[in-house]
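Undergrad: What would the 3D arrangement of this be:
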Amino acid sequence: MRVRRSSGTGRVALAAALAVLVVCAATDVRAGGTLRCGNRLVRDGDPIEEVHRRCGDPTFRSFSTEYVSFESASGFVVTKAVPVETWTYNRGPREFIRYLKFRDGRLASIIEGDYGY
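TA: Next up, the predicted model:
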């Protein structure tokens, strides 16, 4: 019986393919958290004033409150009211509508909708 040893090229190819998948996945996640306003970029975590300065007035604004509960170090459950503001940017039929959600004055998420009108 003959035992054949692998040269390792299959493992190298597999590792390279996995590396490409990881880079692609990371790129997609990062692209979802940014928005280009002219030649400027806004991203998750930016203050609401900075987003307004870079992108201008939104087409529509809505306001709400979310209640967030967490357990403190001493074991007590604390509930905090967090102001939430959602801005809608509708830049016309050739671009997608963008929904920017701010929590406690910071950009929390950017969601892409359908084409504008």
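
Undergrad: And the most centrally placed residue in the chain, how close does it get to residue 100?
TA: Geometric centre of the chain, nearest residue: residue 33, 2.8 Å, by CA atoms, centre = their mean. Distance from residue 33 to residue 100, counting by CB to CB, to the nearest Å: 11 Å. Heads up, the C-betas are built off the backbone N, CA and C, glycines and all.

Undergrad: and the residue nearest to the centre of the chain, what does it touch?
TA: Counting by CB atoms under 8 Å, 6 or more residues apart in numbering, residue 33 touches 43-44, 109-110.

Undergrad: Among those, give me the pair with the biggest separation.
TA: Using CB to CB, the contacts of residue 33 reach their maximum pairwise distance at 43 and 109, which is 10.8 Å.

Undergrad: Identify the contacts common to residue 33 and residue 100.
TA: Counting by CB under 8 Å, 6+ apart, the residues touching both residue 33 and residue 100 are 109-110.

Undergrad: so where's the protein uncertain?
TA: Residues of the chain that meet the criterion pLDDT under 70 lie in 1-32.

Undergrad: where exactly do the helices run in it?
TA: Remark: helices assigned in the chain by DSSP state H are 9-32, 48-55.
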